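[1] Generate coordinates for the sequence data below:
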Amino acid sequence: MKRISRDSGHRVTEWPAAPAGVVPPEALPRSPALPRIKVLHVITRFSAGAGAYTLMAAEGLDPNRYEVWVAGVPGGELWPRARAQGLRTVEIPGFRHVLTPADLFVLWRLVRLIRRERFTIVHTHSAKGGFLGRLAAWLCRTPVVVHTYHGVSFHPFMPRLRYRLYRLLERATRRFTDHFLAEAPQLACEVVEHRLAPPAAVEVVPSAVDLGRIPTGFDPAARQALEIGPGEALIGTVGRIDVQKSPLDFVRMAAAVRAWHPDTAYVMVGDGPLKEDVQRLAAELGVEIRITGYRPDAAWLVAGMDLFVITSLYEGLGRALTEALAAARPVVATAVNGVPDLVAHGATGLLGSPADPEGLARAVGWMLDHPAEATTMGKQGRERVREAFAPEAMCDAIDACYRRLLGLSPPPSASVGPPQGVRPV
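    Below is the predicted model of the structure:
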């Protein structure tokens, strides 16, 4: 059967799906094992949002069709879970988040791995992983190279030289890439505007969350686990305490809000290099910030918060933000990258400008002064997330992307049309 592509006018051949078997499988001779498609995910830091996206994508692929590997920086908290799920893992010595001369050795190790294992698909994530992984795949002539943007690696708050260098590296690897994915429509638009990907070459595949382990509303047990009394409004955030998340702005916001609403408590669920800076600034401003450190149950702890806040300078979509909305938590977030696609101002939360803690404090104060409206926003955010961010939709979209690039037919159960959760840009 042939059809005419509306975009190009070319004829595209569609093979009909194989009919279901009419003989019971146990009555047939044993079928030979078919070769699996080998996929290598290359990611910088195998943790947090991008790491969870990568792991969920790897876990969700059909193990009968795909053999999935993950390579990246040693030491992320997701490596044990990946190995427990049967994924092949390679923690590369010398691989770090920032650019260093050791990256030449990392590139060499990636080239050796790709040549030895003969991967059909190399799927890269994040800035360093994307640059080194795509370059190694190009040197090895890998048939298919896919890159996912979890955020743009350069942003206006970076030093000018670093900004230009990261933008140059991202653009340099554009020609090594067969297809691009992005976590949110606005992020995909930014990728095209910065000429990191050609127009119409980016598909939006939202970062799914494990909805089964997230409460659908406020959970008093989570609040008790955070050791917060019932008489205080709990304002919290979840994430790595680093430059991207701008945790010092969270402290400044908290100090401003506490001046207007003294019966408030503040918690940061996470850990990172700026933890001591946060503690020092909190002491200077006279506001108490409870820092829990890394918690594997962070998605559940969010359900004990009265208000969830992110102060990020850049954010692809924000997995913790998605999890907070899934638990119907009112949210205040910075309007960066893909966040406005998730937080509609006045409908599913409130938005503020990055590096503006006073503005964020005013938004938080408004939420505290209007609890009914805040509750409604949280419920509407929950409806949106639980409808569109299921893991099955994300994994089906990635599988469809791989199949399309390799010329494979969709599975028999797939309906005609674009996969759910994917939106061309």
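[2] now could you export just the CA positions of stretch 72-85 as PDB?
    Taking Å, rounded to 0.1, in the frame of the first residue of the first chain, the C-alpha atoms of stretch 72-85 are listed here in PDB:
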ATOM      1  CA  GLY A  72      28.200   8.200  31.500                       C
ATOM      2  CA  VAL A  73      29.900   9.900  34.500                       C
ATOM      3  CA  PRO A  74      30.600   7.500  37.300                       C
ATOM      4  CA  GLY A  75      28.800   7.800  40.600                       C
ATOM      5  CA  GLY A  76      25.200   8.800  39.800                       C
ATOM      6  CA  GLU A  77      22.500   7.300  42.000                       C
ATOM      7  CA  LEU A  78      20.700   5.700  39.100                       C
ATOM      8  CA  TRP A  79      23.500   3.200  38.100                       C
ATOM      9  CA  PRO A  80      22.400   0.500  40.600                       C
ATOM     10  CA  ARG A  81      18.800   0.700  39.500                       C
ATOM     11  CA  ALA A  82      19.800   0.400  35.800                       C
ATOM     12  CA  ARG A  83      21.900  -2.700  36.500                       C
ATOM     13  CA  ALA A  84      19.000  -4.200  38.500                       C
ATOM     14  CA  GLN A  85      16.800  -3.700  35.400                       C
END
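[3] Just the buried residues of it, please?
    Gly72, Val73, Gly76, Leu78, Trp79, Arg81, Ala82 (16 or more other CB atoms under 10 Å). Every residue, glycine included, has its C-beta placed from N, CA and C.
[4] can you check stretch 40-48 too?
    For stretch 40-48, by 16+ other CB under 10 Å, it's Leu40, His41, Val42, Ile43, Thr44, Arg45, Phe46, Ser47, Ala48.
[5] Provide the contact partners of that stretch at residue level.
    For stretch 40-48, the external contacting residues (CB atoms under 8 Å, 6 or more residues apart in numbering) are 50-51, 54-55, 57-58, 68-73, 76-79, 82, 95, 97, 110, 113-114, 117, 119, 121-130, 132-133, 136, 239-240, 319.
[6] Give the full set of residues in contact with Val364.
    By CB under 8 Å, 6+ apart, the neighbours of Val364 are Ile235, Met253, Val257, Leu307, Val309, Val332.
[7] mind redoing it with 10 Å?
    233, 235, 253-254, 256-257, 260-261, 264, 307, 309, 330, 332, 350, 352, 357, 374 (CB atoms under 10 Å, 6 or more residues apart in numbering).
[8] Whichever of those end up buried, select them in PyMOL.
    Per 16+ other CB under 10 Å, the buried members of these correspond to this PyMOL selection:
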select buried, resi 233+235+253+254+256+257+261+264+307+309+330+332+350+352+357+374
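[9] Looking at the contacts of Val364, which are in strands?
    Ala233, Ile235, Thr264, Leu307, Val309, Val332, Leu350, Gly352 (DSSP state E).
[10] Turn those residues into a markdown table, columns for pLDDT and distance to Gly151.
    Output for the ones in strands among the contacts of Val364, formatted as a markdown table (pLDDT from 0 to 100; distance: CB to CB, whole Å):
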| residue | pLDDT | distance to Gly151 |
| --- | --- | --- |
| Ala233 | 92 | 30 |
| Ile235 | 96 | 24 |
| Thr264 | 94 | 30 |
| Leu307 | 96 | 24 |
| Val309 | 97 | 19 |
| Val332 | 97 | 19 |
| Leu350 | 97 | 21 |
| Gly352 | 95 | 18 |
